[in-house]
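[1] Next input, structure requested:
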Amino acid sequence: MKALITGGGGFLGRAITQQLLARGDAARILARGAYPEVEALGAEAIRLDLSGDADLRPALEGIDVVFHAASKTGVWGRAAEFMRSNVDGTERLLAACREAGIGRFIYTGSPSATFDGRDARGATEADCPYPQHFKAPYPESKAQAERLVLAANGPSFATTALRPHLIWGPGDPHILPRLIDRHRKGRLMQIGDGDNQVGLTYIDNAAAAHLQAADALAPGSANAGKAYFITDGEPVALWPWINAFFEGVGLPPVKRQLSRRKAELLGGALELAWWLLRRAGEPPMTRFVAAELAASHWYNLSAARADFGYAPVIEPEEALRRTYAAFKVDI
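    All right, here's what the predicted structure looks like:
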């Protein structure tokens with residue numbers, strides 16, 4: 001099998017590429033930048049911006065399956081930029097795949113596409129429709145792109161979407177480094193009462209889910225045209241988990257606390273200030289972040305297990321051991 005991985009130099013895309021190569025598949029990555037370390041593993045690389053007007057045909061030549069992991073992420077930014085990258089880029093890629101006769105398409109979605117601010121405890125895909133209103137442009141763009149992917153499923157083009165939740169582990173460039181940085185600067189506070197539970201997805205498990213979904217995917221297969229939540233399995237109590245992570249890497253626990261209501265009010269005020277003053281970067285708090293840090297959001301994985309045999313490949317204890325070693329700080 002020969003696979004194209006968009007965003008193949010990123011955190012998840014690289015892990016998917018590594019697992020494909022490790023089992024003997026051929027891999028071609030598509031990214032805007034150069035990633036010689038991924039090429040050194042044996043992957044072919046093409047530099048291209050999906051949201052531009054470049055010809056996608058050379059990237060798809062000889063490809064059997066596409067893993068679309070590229071995405072503009074973030075909790076703040078211009079809505080038009082998220083739509084251009086995540087929605088328009090996905091639409092262009094889907095059209096090019098159909099024209100090239102690609103048979104399988106696996107899209108990396110996000111549970112945030114269904115997040116309406118309320119708790120989700122053991123929720124199934126059917127329990128979580130797309131909300132009418134979104135707290136940030138990122139989840140809205142992911143919802144729109146996912147709709148496009150699932151609508152493209154058909155008799156000769158099988159598509160599916162995976163929603164890995166809060167991907168973490170060694171090499172994480174987003175969640176864990178931001179937590180460490182804010183904590184060391186004294187800017188991190190527990191939001192809410194601290195008993196909210198969330199589902200996490202270790203990087204190797206997120207990548208394995210993509211390969212498992214691809215292997216099962218075909219026109220008319222059980223997972224064709226459907227979206228699936230992906231996590232490590234059992235949820236964790238978020239703030240105790242964060243404090244255990246800090247202890248594991250050599251940092252003290254978080255002691256300051258802010259109620260969810262106050263955090264959301266603060267986030268709304270900061271969003272307005274950033275917009276009016278045209279401040280660079282993102283506000284230190286947003287309504288979306290406040291809700292994510294205070295709400296429970298974990299999911300029932302029975303559909304993924306039944307439809308394509310999803311099973312984590314790394315247990316939580318080993319995942320934590322590897323991650324502690326990778327993020328150990330020099331105090």
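[2] Just the C-alpha atoms of the lowest-mean-pLDDT helix or strand in the chain, please, in CSV.
    Lowest mean confidence among the helices and strands of the chain (mean pLDDT, DSSP states H and E): helix 36-39, at a mean of 89. Once non-C-alpha atoms are left out, helix 36-39 reads as follows in CSV (Å, rounded to 0.1, in the frame of the first residue of the first chain):
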residue,chain,number,x,y,z
PRO,A,36,14.4,15.9,6.3
GLU,A,37,14.1,13.8,9.5
VAL,A,38,10.9,12.3,8.2
GLU,A,39,12.4,11.7,4.8
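[3] Output the contacting helices and strands for it.
    Under the contact criterion of 3 or more Cβ pairs under 8 Å, 6 or more residues apart in numbering; DSSP states H and E, helix 36-39 touches no helix or strand at all. Yep, even glycine has a C-beta here, placed from its N, CA and C like the rest.
[4] any idea how far that helix is from the chain center?
    Chain-centre distance of helix 36-39: 22 Å, with Cα atoms, centre = their mean, to the nearest Å.
[5] C-terminal to it, what's the next element?
    Following helix 36-39 in sequence order, the next helix or strand is strand 44-47 (DSSP states H and E).
[6] which parts of stretch 88-99 are buried?
    When neighbours are counted by 16 or more other Cβ atoms under 10 Å, the buried residues of stretch 88-99 are found to be Asp88, Gly89, Thr90, Glu91, Arg92, Leu93, Leu94, Ala96, Cys97.
[7] so where do the strands sit in the stretch 51-200 of the chain?
    Ranges of strands within the stretch 51-200 of the chain are 65-68, 104-108, 120-123, 158-164, 167-168, 190-191, 197-198, based on DSSP state E, counting those that start in this stretch.
[8] Any idea which of those gets closest to Ala273?
    With Cβ to Cβ, the closest approach to Ala273 among the strands of the stretch 51-200 of the chain belongs to strand 190-191: 19.3 Å.
[9] what's the spacing between that closest one and its chain's center?
    The answer for strand 190-191 is 22 Å, by Cα atoms, centre = their mean.
[10] What is that strand packed up against?
    Applying 3+ Cβ pairs under 8 Å, 6+ apart, we find strand 190-191 packed against strand 257-258, helix 287-294.
[11] Which strands border the shortest one, and is each parallel or antiparallel?
    To tie it back to what came earlier, the one meant is strand 257-258. Pairing partners of strand 257-258, with direction, according to DSSP bridges: strand 190-191 (parallel).
[12] Provide the contact partners of the partner strand at residue level.
    With Cβ atoms under 8 Å, 6 or more residues apart in numbering as the test, strand 190-191 has contacts from Trp239, Val254, Arg256, Gln257, Leu258, Ser259, Arg260, Ala263, Ala290, Leu293, Ala294.
[13] Can you pull the poorly scored residue ranges out of the stretch 201-331 of the chain?
    Along the stretch 201-331 of the chain, the model assigns pLDDT under 70 to residues 330-331.
[14] Let's see that with 90 instead.
    275-282, 284, 288, 328-331 (pLDDT under 90).
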